[in-house]
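K.L.:
for reference, the sequence and a predicted model appear below.
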Amino acid sequence: MPYISLNTDDRKSCNSCAAPILRVITNNGKATIVDAEPTRNGTLILTAKPDGLHASFVLVADRPRYINEPYSALYKSHFATCPDANQWRK
């Protein structure tokens, strides 16, 4: 899967499991984190905007379109994959 064009400053590490992550902004304007590597079963598409990376949910029915598009990739919330996610839930 192709990657969104990122600066090396965009990649961070999870404070718990040290996995590579990206900090993004949701459609609600809230900050969250996603796994830095795209995945075929992701639920988010990222868009680069002047104020940072924005994440939008992708409906399951629309996933094949994004998987097969040459310049898009799907990402997964790091809270869904982090082994220590429960420590960070509010």
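P.N.:
Sure, I can see it. Every value quoted in this text rests on a predicted model; they were computed, and no experiment measured them.

K.L.:
going forward, measure contacts and count neighbours with C-alpha atoms only.
P.N.:
Will do.

K.L.:
the nearest residue to Ala36 once chain neighbours are set aside sits in which helix or strand?
P.N.:
Distance criterion CA to CA, 6 or more residues apart in numbering; nearest residue to Ala36, sequence neighbours excluded, is Ile21 at 4.4 Å. According to DSSP states H and E, Ile21 maps onto strand 20-25.

K.L.:
which helices and strands sit right next to that strand?
P.N.:
strand 11-13, strand 31-35, strand 52-57 (3 or more CA pairs under 8 Å, 6 or more residues apart in numbering; DSSP states H and E).

K.L.:
using CSV, lay out these together with distance to Gln87 and mean neighbour count.
P.N.:
Below are the helices and strands packed on strand 20-25 laid out as CSV (distance: least, CA to CA, whole Å; neighbours: other CA atoms under 10 Å):
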stretch, distance to Gln87, mean neighbour count
strand 11-13, 16, 15
strand 31-35, 15, 19
strand 52-57, 23, 19
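
K.L.:
which of the ones you listed sits closest to Asn86?
P.N.:
Comparison of the helices and strands packed on strand 20-25 against Asn86 by CA to CA identifies strand 31-35 as nearest, at 14.3 Å.

K.L.:
can you put the helices and strands packed on strand 20-25 in a markdown table and add distance to Thr81 and mean pLDDT?
P.N.:
Shown next, in a markdown table, are the helices and strands packed on strand 20-25 (distance: least, CA to CA, whole Å; pLDDT from 0 to 100):
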| stretch | distance to Thr81 | mean pLDDT |
| --- | --- | --- |
| strand 11-13 | 13 | 86 |
| strand 31-35 | 8 | 89 |
| strand 52-57 | 17 | 75 |
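
K.L.:
distance to Gly42 added to these, as JSON lines?
P.N.:
Shown next, in JSON lines, are these (distance: least, CA to CA, whole Å):
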{"stretch": "strand 11-13", "distance to Gly42": "18"}
{"stretch": "strand 31-35", "distance to Gly42": "10"}
{"stretch": "strand 52-57", "distance to Gly42": "9"}
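
K.L.:
beta partners for the residue nearest the centre of the chain?
P.N.:
Among the residues of the chain, the one closest to the centroid is Val34, at 3.4 Å (CA atoms, centre = their mean). Beta-bridge pairing of Val34 under DSSP bridges involves Leu22, Ser77.
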